[in-house]
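Whatever this is, show me its structure:
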Amino acid sequence: MIIEIVPPETVGPVRIGMTMDEAKRALATIDGHDPQSGLPAIYDSGMSIELEPAPGGTVGAIEVCRPYGPMRIEYRGIDLLGTPAARVVEQLSEFTALEEDEGGRSYVAPALLLSLWRPFVEDENPDEEQGHYFQSVLVAPPGYYDGPFG
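Got it, this is the predicted structure:
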């Protein structure tokens, strides 16, 4: 299954600005959802999706943590969490500016309002999955990186 990311608006069926209740119902429609999980929503693939609330009880940001099963988290055909991090950076850099932070552990695409994170950098050894691949992607609304929701 593919979950399409459309920053700064959606991750799969979840949209920035929808109510938290609407978002929880939308999360339950994704294949493999564990109905006992609450938030973050947990899936059979090992993926989890966390919703950051905004003032007014709406979704202010959406973070997806890396699946280990057959689930792809894609932006413009790039599997953001299943492709080696160095390659993701190359591919994204072809059409948007990226700001590197934390010595390559984190990247933000300010124009897209999208960020990627991994706990350490290991671009050479694919067996070190936690450092070789980004472990999470965050989609946020305009103003998010300026402070608490602008």
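
Could I get the full set of helices for this protein?
Assigned by DSSP state H, the chain shows helices spanning 20-27, 85-93, 129-132.

Which one of those lies nearest to Leu138?
helix 85-93 (14.0 Å; CB to CB). No exception for glycine: its C-beta is placed from N, CA and C like everyone else's.

What is that closest one packed up against?
If you count contacts as 3 or more CB pairs under 8 Å, 6 or more residues apart in numbering; DSSP states H and E, helix 85-93 packs onto strand 78-79, strand 106-109.

Dump those to TSV, plus mean pLDDT, mean neighbour count and distance to Gly32.
Below are these laid out as TSV (pLDDT from 0 to 100; neighbours: other CB atoms under 10 Å; distance: least, CB to CB, whole Å):
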stretch	mean pLDDT	mean neighbour count	distance to Gly32
strand 78-79	98	17	17
strand 106-109	97	19	27
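
thinking again about what came up before, can you check which of the helices of the chain gets nearest to Gly46?
helix 129-132 (11.2 Å).

any residues touching the closest one, and which ones?
84-85, 118-123, 125-126 (CB atoms under 8 Å, 6 or more residues apart in numbering).

Now list the buried members of those.
Buried by 16 or more other CB atoms under 10 Å: 84-85, 118, 122, out of the contacts of helix 129-132.

between the residues you listed, which is closest to Arg66?
Arg118 (8.9 Å).

what's that closest one in contact with, if anything?
Contacts of Arg118 (CB under 8 Å, 6+ apart): 85, 105-106, 130-131, 133-135.

now Asp31
Contacts of Asp31 (CB under 8 Å, 6+ apart): 1, 43-44.

before we move on, the earlier item: CSV please, covering the helices and strands packed on helix 85-93 and showing distance to Arg72.
Shown next, in CSV, are the helices and strands packed on helix 85-93 (distance: least, CB to CB, whole Å):
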stretch, distance to Arg72
strand 78-79, 5
strand 106-109, 19
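
What segments of the chain are strands?
2-6, 10-11, 14-15, 41-42, 48-54, 58-65, 72-75, 78-79, 99-101, 106-109, 114-117, 136-139 (DSSP state E).

Just put these in TSV and tack on distance to Glu90.
Listed next are the strands of the chain as TSV, based on distance: least, CB to CB, whole Å:
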stretch	distance to Glu90
strand 2-6	18
strand 10-11	23
strand 14-15	28
strand 41-42	31
strand 48-54	26
strand 58-65	21
strand 72-75	14
strand 78-79	10
strand 99-101	13
strand 106-109	11
strand 114-117	13
strand 136-139	16
